[in-house]
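>>> Build me a model:
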Amino acid sequence: MVHISAPSGVSEAPVGVKFENVGSNTATLRFTQANTNGDNCKEYVVEAQTEFDDIFFTDRLWTQVWRGAPSALRNGRGGSKLLRLTNLKPYTEYRFRVLCLNMYGMGEPSWPTEKNRTLPGAPSRAPGKLGYGNGMAGDVLMSWEPLEESDWGDYTIGYRVRYRRLGTGDKFRVVYIDNPEAAAYAHIQPPAPINVPYECKIAAYNNYSVGPEASWIAYSSSGLPDYPRNLEIIKQTNNSVTMQWDKIPNFNGPIPFWGVRYWREQDRPRAARRNSTIRYKRSVSWWWDTWLRYIPEEEEEDETGFQYARLYDDGLTKVPGPPGKETYILRGLQPSTLYNFQVRANSHPYFGEYSNITRAITLRTGNPWLQGLRGTWWIPILFWFMVTLLIVLLLILSCCCCLWCSVRHRGKPKNELFLLAKTNGKAKNYEVDVMTDYHKGVLKQFRDTIVRYVSPKPVTDHLVNCDALPQAIAGQIEQIEQIEDPDSANERLLDILPNRPDFAFDRFCDGVRPEHPWLSDLLEGEEEEMTDDHRTTLQSHQETLAATVDPHPVISHMEENKYFNPMEAEHLMSLSSKEETNNTVIDMLKDRPDPAFYHYLMCLEKQDTELAAKIGGPDYQVNIKRLQLEMETRANMETVMRMDTRLQPSHMVADGPWDDIDDKSDAESWHIDMPMLKSTDELKTLNTVAVEPEEEKKMSNMLAVEPAETKMTKMDAVDAPNMSSGLDAVQPPPETQSAHPFESQSGSTIEVDNGNPIIIEIVGDAKSVRWLHEGTPLPNNELYQQSTEGEDLHSLFIAEVSGQNQGCYTCEGTTEYGVVNCDIFLKVREPQTETVSQV
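As a prediction, this is how the structure comes out:
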């Protein structure tokens, strides 16, 4: 036979706990005891939780409501236990749990019962903190503390107040106050005699019944308290005085505090000076008279020169004194000073009048430090000797630290990157060239359009050729295009461009123009963006247009006017259905400049005049005619330019001698419009020369073009000697300073394995350098360690790189020309999966 004993320990939690037979103050709790683990329950503990046990930011509290032996329980069906709970609060939401205690300790609590509310009942108690207050003379102000909601016994309560004059046997006056938050009641009419006791009773009531009643004595108000009499100073110290005065006779109202007004004799406050002046005009008044004007509490600050204090009966300010006297201590005075004092009583909401003025001089203060020495004269000398010695030691330590730092800095080799920057001849006075806010806003406005249409590789190649983008960053963008897609590469390029110099915007527009001239015109502001009205019109009629319009003439027209490039036109022509082609054309038109809308109407008019009039409105033909005139003008200009190019060879004035570094041998290298001249010797033969732009010559043979439509101006006549000596009209721009090294290093990307450390080093002269992550300044702690060697080498050590701290790290510093930034993009390298094949 094998005997297996159960493990011993605390009892398991009771199960099947239910809350039944609920009344106003009673209920029955049913539960079943689970495994006791080797020992029977010695005691059961019942804990309750109500809706009023909430504590902010914590769980509700569990309160013990019953504890006893199992013999106090009744047996129910199926081995269950029954417990009758009493003294519950009416109209309160309860839930209970049960615990079992055996010789091993208290077991786990049971699962709480469902929430259940007791029935309504009378309020469980009477209001507390019964008292009375002061008011107008003859008022009876009765006060109490309102009941908590847990004591209401219903969803709302009121208060029943009964009162009568004490000892008269009169009938109680009864008042019902239907406000659970009420805290006082004032009897005003008829006025009661002053300082007479009243017998008061109060009880809370609800819709179910009236609760217990409480009694207390309240006195009728004595009105405004009289001024204190016989004020005197009975004791002085160097910083306090002990004041004493007679209690106010025939006043039984509450006095929360006594107000003290005092001032130094040399201050002579305004009120005292006023009374001193009046004293010589009124022979019956003296300077200590108490008829000083009454100053309410809210006007105390208006009386300049006075100081005020409040004396409370708090056990510290009030001191024991003879019967019939009030004795208080006023602290915070200056030593050896003559003060004037006045006292008045406060019986809320009134202040009484001030008492007579009493004078007193505080005692002189001796030097406590010298008194404590008791003749030991050498201690001050020793103290100052130690202070001097400490200062000398600190100076020696500072000198040693400075010497050690200088030796350490002299012996440390310079960083190779720093030496490389010096050998490349980078100047100290860097020019801080950043993109303007306007250009940044344009890139942000057309960001989605650029991402959808631009091919990133030709644009980045153009930016590299123009020195607007480093080759390393361009290679990273091309790598993104190969691995992911062109949209991601465009997104990355648009993230980098705002941190480049301002000329990068113009080079970006030049790089976009060969593929999408219309987009370049939008960026440079040459063409207006399509209006919202035109977009809405195309959207609302898109279904009709897709079903009726022949898309091929539209595509050819748009390609001819350079709104579609050949690749886009070929793609549109290859679409299978007419509806799909028209929908794609309309979606592309919404991104084009506003004139593209009228080009589309021009094509639509040739196919469906009524539909064109419906979409374009009553004046659409005027707009189409204006557009046709512009197209004819542009065609004539191109024809004349081609003819003039065949007839006259171009003679450009070379500007190479002004640049020692780059070979800029034509006007385009300086981005200026050069006049067309046969030779520079012709300038020496004339007294004045009218320099005319080449395009104006071409337009001189045109008759159909209106002068208002030609955007050309004539150049003013200039003196021949001035032009022959220096050619001021075509002077090259002054030599510009090199860009700051921060800008040339900005935009780089670093890939790091997850969890590895890294050091980022930035070279460049800057002060007040700090590091930021996604625009937030980084702390200098164990994870991020920032250091700067001199003003040229700035480094950031990251102890661990993860997906949470990857992103853009910015090195920000200041120069005499402004703020410079260098953005380094940190990316966690994704783990490469290896494919294992079995043979």
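
>>> W62 contacts R95, correct?
No. With contact defined as Cβ atoms under 8 Å, W62 does not count as touching R95 (9.7 Å). (Glycine included, C-beta is placed from N, CA and C.)

>>> Overlap of the contact sets of the two?
48-49 (Cβ atoms under 8 Å, 6 or more residues apart in numbering).

>>> Just the buried residues of the helix or strand hosting T639, please?
Using DSSP states H and E, T639 sits in helix 620-647. By neighbour count on 16 or more other Cβ atoms under 10 Å, the buried set for helix 620-647 is 620-621, 623-624, 627, 633, 636-637, 640, 644.

>>> likewise stretch 810-817?
Buried residues in stretch 810-817 (16+ other Cβ under 10 Å): 810-813, 815.

>>> Now do the closest residue to L224 other than its chain neighbours, the pLDDT please.
In this structure, L224 finds its nearest non-sequential neighbour in Y350, 5.1 Å apart by Cβ to Cβ, 6 or more residues apart in numbering. Reading off the confidence values, Y350 has pLDDT 74.

>>> what do you get for the one 4 residues further on?
Per-residue confidence at Y354 stands at 91 (pLDDT).

>>> how about the CA coordinates for stretch 447-459, as CSV?
Only the C-alpha atoms of stretch 447-459 are listed here, as CSV (Å, rounded to 0.1, in the frame of the first residue of the first chain):
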residue,chain,number,x,y,z
ARG,A,447,6.9,67.0,-52.3
ASP,A,448,4.3,64.4,-53.3
THR,A,449,4.4,65.5,-57.0
ILE,A,450,8.2,65.2,-57.1
VAL,A,451,8.1,61.8,-55.5
ARG,A,452,5.6,60.5,-58.1
TYR,A,453,7.2,61.8,-61.3
VAL,A,454,10.9,62.5,-61.0
SER,A,455,13.5,60.0,-61.9
PRO,A,456,16.1,60.3,-59.1
LYS,A,457,19.3,59.2,-60.9
PRO,A,458,19.5,61.9,-63.6
VAL,A,459,18.7,64.6,-61.0
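
>>> Give the buried residues for that stretch.
For stretch 447-459, by 16+ other Cβ under 10 Å, it's 449-451, 453-456, 459.

>>> Hmm, V459 is touching I496, no?
No. Judged on Cβ under 8 Å, V459 makes no contact with I496 at a distance of 11.9 Å.

>>> What count of nearby residues applies to the nearest residue to L73 once chain neighbours are set aside?
With Cβ to Cβ, 6+ apart as the criterion, L73 has its nearest non-adjacent residue at 4.5 Å, and that residue is K81. Neighbour count for K81, taken as other Cβ atoms under 10 Å: 21.

>>> ok, now which ones touch K81?
30-33, 44, 70, 73-75.

>>> pLDDT score for it?
The predicted local confidence for K81 is 87.

>>> Report the beta-bridge partners for it.
For K81, the beta-bridge partners are F31, N75 (DSSP bridges).

>>> any idea how far it lies from T26?
17 Å (Cβ to Cβ, to the nearest Å).

>>> Same check on W216?
Remark: distance between W216 and T26 (Cβ to Cβ) = 32 Å.

>>> which of these two has more neighbours?
W216 (17 against 14).

>>> Can you report phi and psi for the closest residue to the more buried one other than its chain neighbours?
Nearest-residue entry for W216: L130, 4.0 Å, with adjacent residues in sequence omitted and distances by Cβ to Cβ, 6+ apart. For L130, the backbone dihedrals are phi -80, psi 140 (criterion: degrees, to the nearest 10).

>>> what sits against L130?
Contacts of L130 (Cβ under 8 Å, 6+ apart): 142-144, 200, 202, 214, 216.

>>> one more time with 10 Å, if that's ok
Contact analysis of L130 by Cβ atoms under 10 Å, 6 or more residues apart in numbering lists 142-145, 200-202, 214-218.

>>> Nearest to G324 among the residues you listed?
I217 (22.7 Å; Cβ to Cβ).

>>> From what I see, that closest one and Y132 are in contact.
Yes. With contact defined as Cβ atoms under 10 Å, I217 reaches Y132; the gap is 8.2 Å.

>>> before we move on, back to that, from K18, how far off is the residue nearest to L73?
Distance from K81 to K18, by Cβ to Cβ: 11 Å.

>>> Check the contact lists of those two and give me the overlap.
29-32.

>>> Would you reformat the buried residues of helix 620-647 as TSV and include pLDDT and distance to Y600?
As requested, these are exported to TSV (pLDDT from 0 to 100; distance: Cβ to Cβ, whole Å):
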residue	pLDDT	distance to Y600
Y620	76	11
Q621	78	14
N623	80	12
I624	82	10
L627	80	11
T633	81	20
N636	79	24
M637	78	24
V640	72	29
D644	58	33
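
>>> which two in those are spaced the farthest apart?
Farthest pair in the buried residues of helix 620-647, by Cβ to Cβ: Y620 and D644, 36.1 Å.

>>> By mean pLDDT, which helix or strand of this structure comes out lowest?
Sorting the helices and strands of the chain by mean pLDDT, DSSP states H and E puts strand 688-690 at the bottom, at a mean of 34.

>>> Give me the secondary structure label for the closest residue in space to F251 that isn't next to it in sequence.
Distances taken as Cβ to Cβ, 6+ apart place S222 nearest to F251, at 4.6 Å, with adjacent residues excluded. Three-state call for S222 (DSSP: H, G, I helix; E, B strand; the rest coil): coil.

>>> Averaged pLDDT, stretch 825-839. What do you get?
According to the model, stretch 825-839 has a mean pLDDT of 62.

>>> elements contacting the strand ranked longest in the chain?
For the chain, the longest strand by residue count, based on DSSP state E, is strand 818-829. Packed against strand 818-829, as judged by 3 or more Cβ pairs under 10 Å, 6 or more residues apart in numbering; DSSP states H and E, are the following elements: helix 486-496, helix 741-745, strand 748-753, strand 758-763, strand 767-773, strand 793-798, strand 807-815.

>>> Flag whichever of the ones you listed has the least confidence on average.
helix 741-745 (a mean of 81).

>>> quick one: contacts for S355?
Contacts of S355 by Cβ under 10 Å, 6+ apart are 226-231, 243, 245-246, 258, 260-261, 290, 341-345.

>>> Equivalent analysis for D495, please.
443, 447, 747, 808, 823, 825.

>>> Next one: it from P553, what distance?
For D495, the distance to P553 - Cβ to Cβ - is 40 Å.

>>> ditto for R173
In this view, R173 and P553 are 101 Å apart by Cβ to Cβ.

>>> how close does the residue nearest to L224 sit to D448?
Distance from Y350 to D448, by Cβ to Cβ: 73 Å.

>>> now do C509
17 Å.

>>> May I ask you to confirm that Y350 is in contact with G223?
Yes. If you go by Cβ under 10 Å, Y350 and G223 touch, sitting 7.7 Å apart.

>>> Identify the contacts common to the two.
134-136, 253.

>>> Just the buried ones from the residues you listed?
134-135, 253.

>>> Closest to I194 out of the residues you listed?
G253 (9.4 Å).

>>> ok, and the closest non-adjacent residue to I750?
L826 (5.5 Å).

>>> Return the distance of that neighbour relative to S746.
L826 is 14 Å from S746, by Cβ to Cβ.

>>> what do you get for T242?
In terms of Cβ to Cβ, T242 sits 76 Å off from S746.

>>> Of the two, which one has the most company?
More neighbours surround S746 than the other of T242 and S746, with 23 against 17 (other Cβ under 10 Å).
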